[in-house]
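Colleague: Requesting a structural model of the entry that follows:
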Amino acid sequence: MSGLLGLLLLTLPAQATVPDKYGPGARSRGMGGGGVALVEDGTAAYQNPAGLGRIRRPQAGVGAMMAKESLADLPPLWWDTNRDGTVDDRDEPLVISSDVDDPVGFNLHVGRQVGGKFGIGLSTYVPATRLFRMATFEPELPNYFMYTNRQQRYALAAGLGGEVVKGVSVGASVDFVPRTVFRMNMTMDVNVVGDGNAQQTEDLVTEIMIDTHEMSLDVVPGFAPIIGVQLEVGQWFEPLDGLVIGAMYRGSVGLPIEVNLDIQANINVTDVGDLEPFVMAAIVDAGVSIFDHYVPAMGQVGVAWRTEETFTAYADLKWTRWSPLSDNLNVARISRASVTSPLVNIDDNITDGNQFNVAFKNTIGFATGSELKLPKWEFDTKWKYARVAVRGGVAYNPTPLIGQGESSSLLDTNRLSFSLGAGVEFWDPLALVDAPVRIDAFGQYHVLAQGSIPKFAEEPTPGFPVSASELPFGGSIFVVGAQLGFDY
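Modeller: Reported below is the predicted structural model:
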């Protein structure tokens, strides 16, 4: 049954963080991952839908990226590895790798103008190794919970934006997140048969038949709304021509997964010693609640300055509402359970073994970056011209984790990133689109601040280090990628 549950749940998505963590496209990633005031292509559907109104020609882009995490190694831990019900010196230390699945995926964005001053767009990120993944973790064991399942979800946003009055553009889009309910109804028949004189358990014959009556997996639509605005100050006050102010807000949403189990176990005992033949039925009604993953509400404001399409600089502040995450971690929890049989009723004695106490705070991070476009090089060929742009940026994102009890070992830390990027624009020499073509590449280096969680016990305790008094955390992330964009 657990294997079947696992196979079904593996088809479910988790919360996207690749666009949030690294930026929605190659240009943004090369400039530090921000740019809420200057985005003006299909990626605006995710970053700030007001920017869709700046699209002048139909355009599209497709790219790829990959990241490599190097996280601090973990010490051997106490755990019931021999599965005898106790944790002591007879257990081999549990060795856990700090490695997480590296995010590798593809980006696609498209956009076009509609009605003169409005634009529509779509932005998506698709992991290369899987479409969706749902995964829970054991809170007692060390886990980089912000870097595991969160980077293994597709992202899809679509929206509309445009100029409503002079210098004021607004937009709205949705980030699509499905919701899921899984149900299972089954019967398990256990037949225990002896020879009439059997006194030892090895003399008994046991047959088990499992009959699954009904399973259902419902996936229903869900979405996080995104609204945005961009103000071109120069439209009202000419000396500030080139100054743009932008803001966006994304609502909170998540993927609650409700697993309902209705299991009836029938035990039939025949010819066992002096026991009279009997049939006993036990009914298990259980609900398992999984939240994979909480998509936090987020607000972002920024300013950008452009100088005759040659130099661009921006600065963003991003507020993220992480405080409700303590109730929405992707840890499987028993929401209800009952066992009913003629012999015993133990409803009041069933407890969840994944109880923990973790506190999170709302965070404010920043990103800043710039882009310099070099003069055009004119060619008397099909390429017509080439124009190179160089980019760079810095971003800082504090950890939302502020405290936890001894029953959990969540690992997270502040992150500082440095970005470099470059791009070249030229006319399509193959005449496939008869329009400009752009190739952009970027690299990012993220530094995760080092530290440790005190973790010491006088005697063997599950999840505690065997020969150390702390759990270290920290590391680095290296990200690279490229993108092909074109008008059409």
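Colleague: Can you tell me how far the most centrally placed residue in the chain is from R250?
Modeller: Centrality entry for the chain: nearest residue to the mean C-alpha point is R150, 2.2 Å, by Cα atoms, centre = their mean. Plainly put, R150 is 15 Å away from R250 if you go by Cβ to Cβ, to the nearest Å. Using the backbone N, CA and C atoms, a C-beta is placed for each residue, glycine as well.
Colleague: Likewise for V233?
Modeller: V233 sits 24 Å away from R250, going by Cβ to Cβ.
Colleague: Looking at these two, which one has more neighbours?
Modeller: In this view V233 and R250 are compared by other Cβ atoms under 10 Å, and R250 has more residues nearby, 25 against 17.
Colleague: Just list whatever residues bridge to the more buried one.
Modeller: Applying DSSP bridges to R250 gives these bridge partners: I226, M298.
Colleague: What is the neighbour count of G365?
Modeller: Look at G365: counted by other Cβ under 10 Å, it has 18 neighbours.
Colleague: what's the closest residue to it other than its chain neighbours sitting at in phi/psi?
Modeller: Spatial nearest neighbour of G365, chain neighbours left out: N397 (4.0 Å); criterion: Cβ to Cβ, 6 or more residues apart in numbering. Torsion angles at N397 (phi, psi; degrees, to the nearest 10) stand at phi -130, psi 110.
Colleague: N397 touches R415, doesn't it?
Modeller: Yes - under the criterion of Cβ atoms under 8 Å, N397 makes contact with R415 at 4.8 Å.
Colleague: measure T81 to P460 for me?
Modeller: Distance from T81 to P460, by Cβ to Cβ: 11 Å.
Colleague: likewise L243?
Modeller: 63 Å.
Colleague: Could you do R153 as well?
Modeller: Per Cβ to Cβ, R153 is found 37 Å from P460.
Colleague: Among those two, which residue is more densely surrounded?
Modeller: The neighbour comparison of R153 against P460 (other Cβ under 10 Å) goes to R153, with 28 against 18.
Colleague: Who are the contact partners of the residue nearest to G365?
Modeller: 21, 318, 363, 365, 414-415, 417 (Cβ atoms under 8 Å, 6 or more residues apart in numbering).
Colleague: how about these in JSON lines, adding secondary structure and pLDDT?
Modeller: Shown next, in JSON lines, are the contacts of N397 (DSSP: H, G, I helix; E, B strand; the rest coil; pLDDT from 0 to 100):
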{"residue": "K21", "secondary structure": "helix", "pLDDT": "89"}
{"residue": "K318", "secondary structure": "strand", "pLDDT": "96"}
{"residue": "T363", "secondary structure": "strand", "pLDDT": "95"}
{"residue": "G365", "secondary structure": "strand", "pLDDT": "96"}
{"residue": "N414", "secondary structure": "coil", "pLDDT": "96"}
{"residue": "R415", "secondary structure": "strand", "pLDDT": "96"}
{"residue": "S417", "secondary structure": "strand", "pLDDT": "97"}
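Colleague: Now the residue lying closest to D88 once chain neighbours are set aside: phi and psi?
Modeller: Spatial nearest neighbour of D88, chain neighbours left out: P460 (5.4 Å); criterion: Cβ to Cβ, 6+ apart. The phi and psi values for P460, taken as degrees, to the nearest 10, are phi -50, psi 120.
Colleague: Quick check, P460 in contact with L94.
Modeller: No - applying Cβ under 8 Å as the test, P460 and L94 come out as separate, 11.3 Å apart.
Colleague: and for these two, which residues touch both?
Modeller: Shared contacts of P460 and L94, defined by Cβ under 8 Å, 6+ apart, comprise W78.
Colleague: for this protein, which spans come out with low pLDDT?
Modeller: 1-17, 131-135, 178-215, 217, 219-220, 254-261, 264-293, 330, 332-354 (pLDDT under 70).
Colleague: and with 50 instead?
Modeller: Along the chain, the parts satisfying pLDDT under 50 run over 1-16, 198, 201.
Colleague: need the helices for it, in chain order.
Modeller: For the chain, helices defined by DSSP state H occupy the ranges 2-9, 18-22, 26-30, 44-47.
Colleague: Tell me who's in contact with W78.
Modeller: Applying Cβ under 8 Å, 6+ apart, the residues near W78 are 87, 91, 93-94, 457, 460-466.
Colleague: filter those to the buried ones?
Modeller: Those of these that meet the buried threshold are 87, 91, 94, 460-466, by 16 or more other Cβ atoms under 10 Å.
Colleague: Neighbours of the spatially closest residue to F486 that is not a sequence neighbour, how many?
Modeller: For F486, ignoring the flanking residues on the chain, the nearest one in space by Cβ to Cβ, 6+ apart is V437 at 4.6 Å. By the criterion of other Cβ under 10 Å, V437 has 18 neighbours.
Colleague: now do G369
Modeller: G369 has 29 neighbours, counted by other Cβ under 10 Å.
Colleague: List the contacts of the closest residue in space to it that isn't next to it in sequence.
Modeller: Leaving aside its sequence neighbours, G369 sits nearest to G393 (Cβ to Cβ, 6+ apart; 2.6 Å). The contact partners of G393, by Cβ under 8 Å, 6+ apart, come to 30-34, 367-370, 418-419.
Colleague: now A172
Modeller: Contact partners of A172, counting by Cβ under 8 Å, 6+ apart, are 49, 159-161, 225-228.
Colleague: Kindly confirm whether my reading is correct that E371 touches T310.
Modeller: No - at 9.3 Å, E371 and T310 do not qualify as touching, with contact defined as Cβ under 8 Å.
Colleague: More neighbours: those two, which one.
Modeller: Using other Cβ under 10 Å, the more surrounded residue of E371 and T310 is E371, with 24 against 12.
Colleague: measure the more buried one to R306 for me?
Modeller: With distances taken as Cβ to Cβ, E371 is found 9 Å from R306.
Colleague: Between those two, which contacts overlap?
Modeller: T312.
Colleague: ok so, going back, top of the contacts of N397 by number of neighbours, please.
Modeller: Among the contacts of N397, S417 has the most neighbours (other Cβ under 10 Å), with 24 neighbours.
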